[in-house]
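Asks: with the sequence up front, the predicted model follows.
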Amino acid sequence: MNQEQKKKWGIIYNPKAGTRKVQKRWQEIKDYMDSQGVAYDYIQSEGFGSVERLAGILAENGYRTIVIVGGDGALNDAINGIMHAQAEAKEDIALGIIPNGIGNDFADYWEISSEYKEAVDCLVRGRRRKIDVGTCSYYDGQKHVTRYFLNAINIGLGASIVKITDECKRFWGVKYLSYFMAFLSLIFKRKLYRTHLKINDEHIRGRIMTVCIGSASGYGQLPSAVPYNGWLDVSVIHRPELRQLWGGLWMLIQGRILNHKLVKPFRTRQVKVLRARNAAVDLDGRILQERHFPLNIGILHEAITLIIP
């Protein structure tokens, strides 16, 4: 790839789930980028898992700006594609976002507009910041595996809530109403999971409802997290009574979940999940199909560049 080609954006368009206006949406974005004189090459994802493969191909072919038109799940696929790619100086690859998903928690953290014209303008201005990338490593019985994340890992009820919230957004479309419906659907399923964590040499054992580990907002569960300080924030939540659950939901919406008496916060560089029996695990909203414990969760400081407002 020559220098002129390296200046091009490599764009992956991941159509919003549930929409019938796939081509119309892309055509609007394309027309606006053309009007702004943006040089780019474009690929549309082909279904679940293809974004990871396509992001890896772009990274290996020398694209220095990779733009994801999609949501949190597509971003997770993209960061895994880039980090697993055979490409040099990955920290110099600039990741851009045009929000187009059901869940856009990471874009919301950075105040990247869901209005595509404003998002494209942000990319054109090109303000950049190096950010951290989370790691989740385990042995699957045959080989050592590492998966990457930008926002957070949820273990237990949190993973179920993220999944149901995404489903609710297909029908309701309103962020807080979707949270409400997700909690409502799980209100009588306040299931506990036998969990064993090691955080800062402290062993945490017992029946825990949910754990959130990350360097961004974690869907409101990590309001103090900072995605460029080289640290992971952790929220461990025990089972609340019914009235405490409603109070917790309100505090989550207000960004004050750490003030809830059943939430135990930590800040660390590494978490070891030795056990979380029967608990779902998700990375940035992507359910981890293989749950081979222990999970070793860490952070790579300033491992990728993000284009920000």
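Replies: Sure thing, it's come through. Numbers count the residues shown, from 1 in each chain.
Asks: list the contacts for Gly158?
Replies: By Cβ atoms under 8 Å, 6 or more residues apart in numbering, the residues touching Gly158 are Thr210, Val211, Cys212, Tyr219, Gln221, Ile237, Asp282. From N, CA and C alone the C-beta is placed, and that goes for glycine too.
Asks: tell me the one among those nearest to Lys24.
Replies: Comparing the contacts of Gly158 against Lys24 with Cβ to Cβ places Tyr219 closest, at 29.4 Å.
Asks: still on that earlier bit, can you flag the buried ones in the contacts of Gly158?
Replies: Buried by 16 or more other Cβ atoms under 10 Å: Thr210, Val211, Cys212, Tyr219, Gln221, Ile237, Asp282, out of the contacts of Gly158.
Asks: among these, which are in strands?
Replies: Thr210, Val211, Cys212, Ile237, Asp282 (DSSP state E).
Asks: with adjacent residues omitted, what lies nearest to the last one?
Replies: In other words, Asp282. Excluding the flanking residues, the one nearest Asp282 by Cβ to Cβ, 6 or more residues apart in numbering is Ala159, at 4.2 Å.
Asks: tell me the contacts of that neighbour?
Replies: Ala159 neighbours (Cβ under 8 Å, 6+ apart): Thr210, Ala279, Ala280, Val281, Asp282, Ile287.
Asks: picking up where we left off before, quick one: the buried ones among the contacts of Gly158 as CSV, columns for distance to Ala39 and pLDDT too.
Replies: Formatted as CSV, the buried ones among the contacts of Gly158 follow (distance: Cβ to Cβ, whole Å; pLDDT from 0 to 100):
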residue, distance to Ala39, pLDDT
Thr210, 45, 86
Val211, 44, 93
Cys212, 39, 93
Tyr219, 35, 81
Gln221, 39, 84
Ile237, 47, 83
Asp282, 36, 92
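Asks: which two of these have the greatest separation?
Replies: Farthest apart among the buried ones among the contacts of Gly158 by Cβ to Cβ are Ile237 and Asp282. That separation is 15.4 Å.
Asks: point out where the chain drops to low pLDDT.
Replies: Applying pLDDT under 70 to the chain flags residues 1-6, 16-22, 48, 162-190, 239-261, 291.
Asks: so Asn151 touches Asp72, yeah?
Replies: Yes - counting by Cβ atoms under 8 Å, Asn151 touches Asp72, with 6.3 Å between them.
Asks: tell me the contacts of the residue nearest to Leu262 when sequence neighbours are not counted?
Replies: In this structure, Leu262 finds its nearest non-sequential neighbour in His238, 4.8 Å apart by Cβ to Cβ, 6+ apart. By Cβ under 8 Å, 6+ apart, the contact list for His238 reads Gly206, Arg207, Ile208, Met209, Leu262, Lys264.
Asks: drop anything exposed from those.
Replies: The neighbour-count test (16+ other Cβ under 10 Å) marks Ile208, Met209, Leu262, Lys264 as buried among the contacts of His238.
Asks: make JSON lines out of the contacts of Gly158 and add distance to Ile98.
Replies: Listed next are those as JSON lines, based on distance: Cβ to Cβ, whole Å:
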{"residue": "Thr210", "distance to Ile98": "31"}
{"residue": "Val211", "distance to Ile98": "31"}
{"residue": "Cys212", "distance to Ile98": "26"}
{"residue": "Tyr219", "distance to Ile98": "21"}
{"residue": "Gln221", "distance to Ile98": "26"}
{"residue": "Ile237", "distance to Ile98": "33"}
{"residue": "Asp282", "distance to Ile98": "23"}
